[in-house]
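Q: Here is the input, now give the coordinates:
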Amino acid sequence: MDSMRKQIIVNEIKLWKENKMIPQEYCDFLLALYSEDIQDQESSENIRKSKSRVVSKDILPILGVYLLVVCLLSIAVFVIYFTEFPFILQTVILTVFVGFLLWACFYYSNKEFYFGIFLIGTALLLLLLTVQLNDHLFHHNRSILYIMLFIHCILWLIVGKKFKLLFFTLSGIVGIIIIIISIVI
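A: Purely as a prediction, here's the structure:
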């Protein structure tokens, strides 16, 4: 592309940027693309600023989601093992947490990254709830616990295959292997 055409395109992009016809990040990207020789110091500075804004826009929500799931898991462990709440109240709290994370899974199902985080939190809370139910209802019966854990591992395999989540598939396989080894030994 000759210099005259590049200059026309760069001028047009600057006009778009001034009139806010397209987002500023897109303008900066296009300016960087077309102004190899013509690029001035101002546009390169804008590109650096826009990159840092995009990174911070992506990282903050992800950290918030991680923090939410870790907080819910921490509260659940605290409620079960370090409080004297009645069994029914503990079960209701865990069920509400599992329900919230399931709702978040479906709500954020179009954003694949959030979906996986919420799904992992749901699986861990559901596992914790299952162990608590076994302890209270079946008085630490190992055979029922093995059956419940085996059902969890099968559920993880199904979720992993259906949503193409490798970590769930591997967790289900490793869990089944560990359960079988534990039964045999």
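
Q: Report all helices and strands that the helix or strand containing residue 26 contacts.
A: Residue 26 belongs to helix 24-34 when assigned by DSSP states H and E. Helices and strands touching helix 24-34, by 3 or more CB pairs under 8 Å, 6 or more residues apart in numbering; DSSP states H and E, are helix 3-18, helix 41-81. Any C-beta I mention is one placed from the backbone N, CA and C, and that applies to glycine too.

Q: starting at the chain centroid, how far to that helix?
A: 30 Å (CA atoms, centre = their mean, to the nearest Å).

Q: Show me the shaky parts of the chain.
A: Across the chain, the ranges flagged by pLDDT under 70 are 1, 36-58, 111-113.

Q: per the record, what domains does it have?
A: Following automatic domain parsing, one gets these domains for the chain: 3-39, 86-184.

Q: Dump these to JSON lines, plus mean neighbour count.
A: Listed next are those as JSON lines, based on neighbours: other CB atoms under 10 Å:
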{"stretch": "domain 3-39", "mean neighbour count": "14"}
{"stretch": "domain 86-184", "mean neighbour count": "16"}
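
Q: To residue 60, which of these lies closest?
A: domain 86-184 (12.8 Å; CB to CB).

Q: Straight-line length of that closest one, end to end?
A: The straight-line separation of the ends of domain 86-184 (CA to CA, to the nearest Å) is 35 Å.

Q: Provide a list of residues in contact with residue 161.
A: By CB atoms under 8 Å, 6 or more residues apart in numbering, the contact list for residue 161 reads residue 169.

Q: Now do it against residue 76, distance only.
A: Distance of residue 161 to residue 76, given as CB to CB, to the nearest Å: 27 Å.

Q: now swap in residue 87 and tell me
A: 14 Å.

Q: buried set for stretch 60-72?
A: 65, 68, 69, 72 (16 or more other CB atoms under 10 Å).

Q: what's the closest of those to residue 171?
A: Checking the buried residues of stretch 60-72 against residue 171 by CB to CB gives residue 69 as the nearest, at 15.9 Å.

Q: That closest one and residue 119 touch, don't they?
A: No: counting by CB atoms under 8 Å, residue 69 stays clear of residue 119, with 9.9 Å between them.
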